[in-house]
Every structure is written in structure tokens, then in C-alpha cells.
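A.B. asks: Take this sequence and fold it.
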Amino acid sequence: MIPILVLWAVPRSTSTAFERMMSQRGDHEIAHEPFGEVWYSIGNDTRPPDSHVQYRPEFSYESVWAELVSAARRGPVFMKDFPHYVTHMHEWVAPPTAPGDAEVQFLDAFNHSFLIRDPAKTLTSMYGQWPDFTLDETGFAEQRALFDLLTRRTGTPPPVIDADDMLDDPHGVTAAWCEAVGIDFKPEALHWGTTEASELTWYETGTWHANLAESTTLSRQKRDYVAIDHNQLLREAYAACLPHYRAMRAYRLAQ
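C.D. replies: Numbers count the residues shown, from 1 in each chain. You can find the predicted model right below:
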């Protein structure tokens, strides 16, 4: 099995745009937030508005894991997901995928990397779509916890890229990330055509990826963000998330 190349991100961090670039490469099978899909599909009480995620009783973490392993046995896989969808997995042990298979450390099946972004931008963007989001859905604490865990296990911090660095220099930062994770850089993958927002996610409908659907490259989007001090929810969330972002930013790849 080829290790699954994974980008662990937080919501509203341009991670789906990064995934779009990886899809353009054409050399990886793409897994879009597979654990997030099962997290919402199996009946989690909290779910994003305008997402219309359908309850699928046959869906489970075991079935998602089996699909990922099967794909990785066929060839290279790139997965984008959020750590807060999987941190409940006790001891990070993945279940067997077939009779006779042994349990493996879930984390050992991946080639890990991280995408971070200033919470002043992710939180206000999230607020625009989900004005009553909870701190549990921001993902910063879980992202940092996973980063720290991997660093302790290997003795080396996994590659980290900052979304703002990437949007300022898509070519340079993407090339640095490719080198860090051990794949060839393909500059032609930085350009694509417009598409329908529903093609970018497992959401049946929704506006979460409307701007990306109209984009053709990694670039800053014009948005009217509310100020981070707009209300108590944003102020408290920002105070809670900022230390995690700053701690990981210290390890971001140099341009």
C-alpha cells in the first residue's frame, strides 16, 4: 500500500482550492474530506447550514477506511481532511480492511502535511456561512494536537504551509510543499477552468465553495469579511484559536 498523501487543514483555509490543484495533476486519486462526510452522515447533531448532508446508515469510519486502503493499493491517493473529524479514534488504530489483515497504526498509513491559516480569516469566513458555529468546528486545537503528536512520534515536524504564503506565491510555496512530501512539482496544475460548486464537495448543494467554483488558480478572493471583534463568538473563538495557529506557523515552509 502506498502511503496516502494527506493535507490536514481547518475549515475555510483554502484547502479545497489546494485539492483542486492536486486534482489537476492527474496523478493522484482524490479523497475529499472522507472522514468529514461520515462524521456528518452518521447523524452528528451539529452540521453546517446549507450543506444538506444526507444520513447514510450504511456509512461508517470502517467503510471509509476500507475505501481509502483499497484506493491506496491501486495507486497514489491525495486526501484533504480536518483533524477534528478523526481525533476521536482511540489510539489512532485503524481497523482491518479484510480477513487476515492486521490492525495498523492509523497515522502510519499517511504521508502527513498541514495547511494553516490566520484564524482572523478562517473564523470570519466561517461566520459568513455559519453564524452560530461552535468552537469544536473550528479545528485549530485538533490540528495542533495532531501536529504535535506526529512531531513527537517521528522527531521531525511534518511540512506546514500557510495559506497566505501560498496565495502570495502559489508557484514557490506549492513547489516547496511538493519537495517536502516527495512528489514532482507540476506548475501546469496551478491553472484550471471554472466548474459547479457541487462538483467540489460531497455537499449536495450549498454556497461554501461558490468562489472557488469561479476561480481558475490559487489566488486571493474578494470577500467582505466582518471584523473579528464583530461579536463575542468571534472574539472568543479567535482568542482560543490564535495560539495554535502561531505555534504551527513557526514551522511553516520557507518560500
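A.B. asks: Mind listing what's buried along the longest helix along the chain?
C.D. replies: Ranked by residue count under DSSP state H, the longest helix found in the chain is helix 232-249. Using 16 or more other CB atoms under 10 Å as the test for burial, helix 232-249 gives 234, 237-238, 241-242, 244-245, 248. Every C-beta, even on glycine, is put in place using the N, C-alpha and C of the backbone.
A.B. asks: Out of these, which comes closest to Asp136?
C.D. replies: Nearest to Asp136 out of the buried residues of helix 232-249 is Ala237 (CB to CB; 10.5 Å).
A.B. asks: Correct me if wrong: the closest one contacts Thr124.
C.D. replies: No. Between Ala237 and Thr124 there is no contact under CB atoms under 8 Å: 9.8 Å.
A.B. asks: Report the beta-bridge partners for the residue nearest to Phe114 when sequence neighbours are not counted.
C.D. replies: Excluding its sequence neighbours, the residue lying closest to Phe114 (CB to CB, 6 or more residues apart in numbering) is Val160, at 4.6 Å. Each beta-bridge partner of Val160 is listed here: Phe114, Arg252, as defined by DSSP bridges.
A.B. asks: how many neighbours does Val160 have?
C.D. replies: Other residues lying near Val160 total 21 when counted by other CB atoms under 10 Å.
A.B. asks: now Arg153
C.D. replies: By the criterion of other CB under 10 Å, Arg153 has 12 neighbours.
A.B. asks: Let me know the distance separating it from Lys186.
C.D. replies: Separation of Arg153 from Lys186 (CB to CB, to the nearest Å): 30 Å.
A.B. asks: Determine how far the host helix or strand of Val64 lies from the middle of the whole chain.
C.D. replies: Using DSSP states H and E, Val64 maps to helix 61-74. Offset of helix 61-74 from its chain centre (CA atoms, centre = their mean, to the nearest Å): 18 Å.
A.B. asks: Wait, Asn111 touches Pro3, no?
C.D. replies: Yes. Using CB under 8 Å, Asn111 is in contact with Pro3, at 4.4 Å.
A.B. asks: between the two, who's got more neighbours?
C.D. replies: Between Asn111 and Pro3, Asn111 has the larger neighbour count (other CB under 10 Å), namely 19 against 15.
A.B. asks: name the helices or strands packed onto the helix or strand where the more buried one lies?
C.D. replies: Asn111 is part of strand 110-116, with elements assigned from DSSP H and E. Judged by 3 or more CB pairs under 8 Å, 6 or more residues apart in numbering; DSSP states H and E, strand 110-116 is in contact with strand 4-8, helix 140-154, strand 160-162, helix 163-168, helix 170-181, helix 232-249.
A.B. asks: could those go into JSON lines alongside distance to Tyr61 and mean pLDDT?
C.D. replies: Formatted as JSON lines, these follow (distance: least, CB to CB, whole Å; pLDDT from 0 to 100):
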{"stretch": "strand 4-8", "distance to Tyr61": "15", "mean pLDDT": "97"}
{"stretch": "helix 140-154", "distance to Tyr61": "16", "mean pLDDT": "93"}
{"stretch": "strand 160-162", "distance to Tyr61": "26", "mean pLDDT": "97"}
{"stretch": "helix 163-168", "distance to Tyr61": "28", "mean pLDDT": "94"}
{"stretch": "helix 170-181", "distance to Tyr61": "25", "mean pLDDT": "96"}
{"stretch": "helix 232-249", "distance to Tyr61": "25", "mean pLDDT": "96"}
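A.B. asks: Cool, thanks, signing off.
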